[in-house]
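[1] coordinates only, sequence not included:
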């Protein structure tokens with residue numbers, strides 16, 4: 001057996017262990033000494049694949065604002081970076097998209113809050129913001145920009161529940177708010193609407209809209225903004241106009257900007273009705289009342305005829321009874337004689 005002193009001497013003579021440099025620990029952790037050139041390529045490809053996957057998933061997770069329901073020609077969606085995609089029926093649209101119709105294209109989009117927008121040919125509408133959660137009305141937001149052309153819309157739940165100012169349609173000269181509405185808006189540039197002055201034209205089919213000047217651009221610090229003209233409120237059958245420089249104004253009648261707004265029959269919806277004149281509603285009500293009166297008269301005549309028939313039958317029965325009684329009397333008289 002070895003003596004304990006010999007074991008101690010052996011331990012004392014063993015070489016000392018030096019601390020491993022940090023760089024060596026790092027590369028050893030990556031197993032760099034075992035990686036070949038092919039291994040480095042595979043590692044790079046994995047990183048590239050993850051990056052591409054993240055780019056692909058991000059748009060897929062974007063909130064869908066609405067879907068295309070009807071088109072009569074080419075329709076495009078243009079992103080803020082200039083990229084564009086061709087849309088078809090059932091294609092989705094998202095916040096940030098600018099919808100562009102071709103020269104002869106009508107297009108209708110239904111949004112998540114059940115709003116419907118029908119765009120006229122050669123029009124551009126941008127979806128600035130859109131947020132709709134059935135369970136969170138306080139987070140509703142729908143802001144659109146009509147850059148060119150015309151549209152007609154049935155507004156949805158945004159603006160009808162929670163914050164009434166959650167809905168806005170903006171043009172270069174006007175801001176339009178709603179109170180549960182079917183309305184139309186047209187942006188006229190010089191020479192685009194016949195002899196009409198340039199500006200924004202609004203027509204209301206149902207409900208009410210508030211038409212105001214556009215918000216002022218940011219001003220330098222210390223500069224007081226000038227007072228804005230007051231907004232106007234338009235009701236069903238009324239028309240409004242906002243010039244490039246001037247207050248909103250109510251027009252006395254239909255300026256005729258929507259006379260060529262004729263989407264295909266497949267687009268049939270209350271949003272595609274032509275603008276109503278101020279007396280059209282009352283006229284329609286009068287027609288309805290007259291129809292009801294006519295129907296009631298017909299019903300009364302039918303009832304009178306039925307009553308006449310019943311009376312005739314009763315009279316016939318009475319006459320028959322009288323005749324029978326008279327015959328009985330005659331027979332009795334004959335027997336007595």
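    Received the coordinates, thanks. Because the structure is a prediction, the values reported are computed rather than measured.
[2] low-confidence ranges in the stretch 1-150 of the chain?
    The model of the stretch 1-150 of the chain has pLDDT under 70 over residues 1-62.
[3] all helices of it, in order?
    Remark: helices of the stretch 1-150 of the chain, listed N- to C-terminal, are 4-13, 22-29, 37-60; assignment by DSSP state H, counting those that start in this stretch.
[4] ok, residue 250 - contacts?
    For residue 250, the residues meeting the contact criterion (Cβ atoms under 8 Å, 6 or more residues apart in numbering) are 232, 234, 238, 239, 240. C-betas here are computed from N, CA, C, even on glycine.
[5] got those residues as CSV, with neighbour count and secondary structure columns?
    Conversion of those to CSV gives the following (neighbours: other Cβ atoms under 10 Å; DSSP: H, G, I helix; E, B strand; the rest coil):
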residue, neighbour count, secondary structure
232, 18, strand
234, 23, strand
238, 22, coil
239, 23, strand
240, 25, strand
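[6] Dump those residues into TSV; add pLDDT as well.
    Formatted as TSV, the contacts of residue 250 follow (pLDDT from 0 to 100):
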residue	pLDDT
232	97
234	98
238	98
239	98
240	98
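[7] of the residues you listed, closest to residue 141?
    Within the contacts of residue 250, proximity to residue 141 (Cβ to Cβ) peaks at residue 234, which comes in at 23.1 Å.
[8] How much space separates that closest one from residue 100?
    Relative to residue 100, residue 234 is positioned 28 Å away (criterion: Cβ to Cβ, to the nearest Å).
[9] likewise residue 205?
    In this structure, residue 205 and residue 100 are separated by 25 Å, where distance is defined by Cβ to Cβ.
[10] again with residue 161
    Plainly put, residue 161 is 31 Å away from residue 100 if you go by Cβ to Cβ.
[11] Those two: which is more packed in?
    A side-by-side neighbour count of residue 161 and residue 100, using other Cβ atoms under 10 Å, places residue 100 first with 23 against 14.
[12] Quick check, that one in contact with residue 79.
    No: the pair residue 100 and residue 79 fails to qualify as a contact (Cβ atoms under 8 Å) at a distance of 11.6 Å.
[13] List the neighbouring strands of the longest strand along the chain plus their orientation.
    Among the segments of the chain that qualify as a strand by DSSP state E, the longest is strand 141-154. Each strand pairing with strand 141-154, determined using DSSP bridges, is listed with its direction: strand 116-119 (antiparallel), strand 124-131 (antiparallel), strand 167-170 (parallel), strand 182-188 (antiparallel).
[14] Let me know which of these is the nearest to residue 64.
    The closest approach between residue 64 and any of the strands paired with strand 141-154, judged by Cβ to Cβ, belongs to strand 124-131 at 9.2 Å.
[15] What residues of that closest one count as buried?
    Taking 16 or more other Cβ atoms under 10 Å as the neighbour-count basis, strand 124-131 is seen to contain the buried residues 124, 125, 126, 127, 128, 130, 131.
[16] so who does the fifth one touch?
    To tie it back to what came earlier, the one meant is residue 128. With contacts taken as Cβ under 8 Å, 6+ apart, residue 128 has the following neighbours: 95, 96, 143, 144, 145, 170.
[17] switch the cut-off to 10 Å
    If you count contacts by Cβ atoms under 10 Å, 6 or more residues apart in numbering, residue 128 has them with 95, 96, 98, 141, 142, 143, 144, 145, 168, 169, 170.
[18] Could you find which two of the residues you listed are furthest from each other?
    Taking Cβ to Cβ, the two most distant members of the contacts of residue 128 are 98 and 141; they sit 17.8 Å apart.
[19] Please name the nearest non-neighbouring residue to residue 249.
    Of all residues not flanking residue 249 in the chain, residue 241 sits nearest, at 5.6 Å (Cβ to Cβ, 6 or more residues apart in numbering).
[20] what about that neighbour, which SS state?
    When the structure is split into helix, strand and coil by DSSP: H, G, I helix; E, B strand; the rest coil, residue 241 lands in strand.
[21] I figured it hits residue 193, correct?
    No: between residue 241 and residue 193 there is no contact under Cβ atoms under 10 Å: 11.0 Å.
[22] quick one: which of the two has more around it?
    The neighbour count for residue 241 versus residue 193, taken as other Cβ under 10 Å, is higher for residue 241 (23 against 19).
[23] In contact with the residue nearest to residue 249, which residues?
    Counting by Cβ under 10 Å, 6+ apart, residue 241 makes contact with 173-174, 186, 188, 196-197, 199-202, 211, 232, 248-251, 255, 257.
[24] now it: how far from residue 201?
    Distance of residue 241 to residue 201, given as Cβ to Cβ: 6 Å.
[25] one step back: now the contacts of residue 241: which count as buried?
    Of all those considered here, the ones buried according to neighbour count by 16+ other Cβ under 10 Å are 173-174, 186, 188, 196, 199-202, 211, 232, 248, 255, 257.
[26] Many thanks, I have nothing further to ask.
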